[in-house]
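Asker: any chance you could fold what I've pasted below:
(2 chains)
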Amino acid sequence: DQQVKQNSPSLSVQEGRISILNCDYTNSMFDYFLWYKKYPAEGPTFLISISSIKDKNEDGRFTVFLNKSAKHLSLHIVPSQPGDSAVYFCAASETGANNLFFGTGTRLTVIP
Amino acid sequence: GAGVSQTPSNKVTEKGKYVELRCDPISGHTALYWYRQSLGQGPEFLIYFQGTGAADDSGLPNDRFFAVRPEGSVSTLKIQRTERGDSAVYLCASSPTTGNTEAFFGQGTRLTVV
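Answerer: Numbers count the residues shown, from 1 in each chain, chains lettered A, B, ... in the order given. Sure thing, here's the model as predicted:
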C-alpha cells in the first residue's frame, strides 16, 4: 500500500515558467518530508526538506509547501531551467524513524 | 570522490545464483541504508545500519536477503538463490547522523536475474 503518492507521472514546462510538483501522503505519523531529484544512471540527489512544524521552506529557486490537514506537499521551481529536467521523488519519514517512504516519481521536462 | 560508491554498477546473474553488492559510504557517516528500486517505482527501504549493527531490517523481503557492515563502514548486501523478481536497482545511502537528515545516495547497482 503506497503511503506516499505522486499522481502525475510526468510534467512539461516552458523554460522560465513555474514548475509545480505535487505529492500526497496517507500516514499521519509522517513528520519530515524531502524532495529528491534523479538523473538517469545516477542515484537520487537531495533537493530540499521540510519538517511538519513548518508549512513552507525555501532554498533559492526551490520552495516546498506543506499542508498537513490535506496531507499534501508541493515543490515549486521558479524559474524553471532545462537543467531541472529529471525525475523528482517525494519522500517522508515518521518520528524517530530512519527509513524513507518514497513516491513513484514525476518526470519533469523543461522545454527551452 | 567523496560520494557514496557502489560496486558493481551492473550485475547480471542466473536464477538461483548468489550475489553480493557492495557499498562504500561517505567517510565518517555512521548511518547506512539500502533501498531497492523496481522499474517505475520509487526506492523501497530494505535495511538500515547504525554503526556495525542493523538497527532496522524490516524492509528485507525474505530470508534470502542479508546485509552486513562488519567494521561500521563498507556494507555488503547479499542475496541467495536469486529470483527473476529480484531484478531491480539496489541503492545505498549514507548520512552523518540518524534521524531527520537527508541521506546521500550512491548511483546504484542494477541487478538483472535471467
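
Asker: close to chain A: what parts of chain B are there?
Answerer: B:4, B:31, B:33, B:35, B:40-45, B:48, B:50, B:55-56, B:58-59, B:91, B:93, B:98-100, B:102-108 (CB under 8 Å from any CB of the partner chain). The way it works is simple: take the backbone N, C-alpha and C, and place the C-beta from them, glycine included.

Asker: just the ones in strands from the residues you listed, please.
Answerer: Taking DSSP state E as the definition of strands, the residues of chain B next to chain A contribute B:31, B:33, B:35, B:44-45, B:48, B:50, B:55-56, B:91, B:93, B:104-105.

Asker: those residues: which two are farthest apart?
Answerer: B:44 and B:50 (19.8 Å; CB to CB).

Asker: from the ones in strands among the residues of chain B next to chain A, keep the buried residues only.
Answerer: Taking 16 or more other CB atoms under 10 Å in any protein chain shown as the criterion, what is buried in those is B:31, B:33, B:35, B:44-45, B:48, B:50, B:56, B:91, B:93, B:104-105.

Asker: CSV for those residues, including distance to residue A:2 and pLDDT?
Answerer: CSV is the format used below for these (distance: CB to CB, whole Å; pLDDT from 0 to 100):
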residue, distance to residue A:2, pLDDT
B:31, 25, 92
B:33, 20, 95
B:35, 15, 96
B:44, 10, 95
B:45, 13, 94
B:48, 20, 93
B:50, 27, 91
B:56, 20, 90
B:91, 18, 97
B:93, 20, 94
B:104, 25, 91
B:105, 20, 94
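
Asker: with adjacent residues omitted, what lies nearest to the most centrally placed residue in chain B?
Answerer: Residue closest to the average C-alpha location in chain B (CA atoms, centre = their mean): residue B:34, at 3.3 Å. Distances taken as CB to CB, 6 or more residues apart in numbering or on different chains put residue B:46 closest to residue B:34, at 4.2 Å, once the chain neighbours are dropped.

Asker: burial count for the one you found?
Answerer: 22 (other CB atoms under 10 Å in any protein chain shown).

Asker: so it makes contact with residue B:66?
Answerer: No: using CB atoms under 8 Å, residue B:46 is not in contact with residue B:66, being 10.4 Å away.

Asker: which residues are common contacts for those two?
Answerer: B:60, B:77 (CB atoms under 8 Å, 6 or more residues apart in numbering or on different chains).
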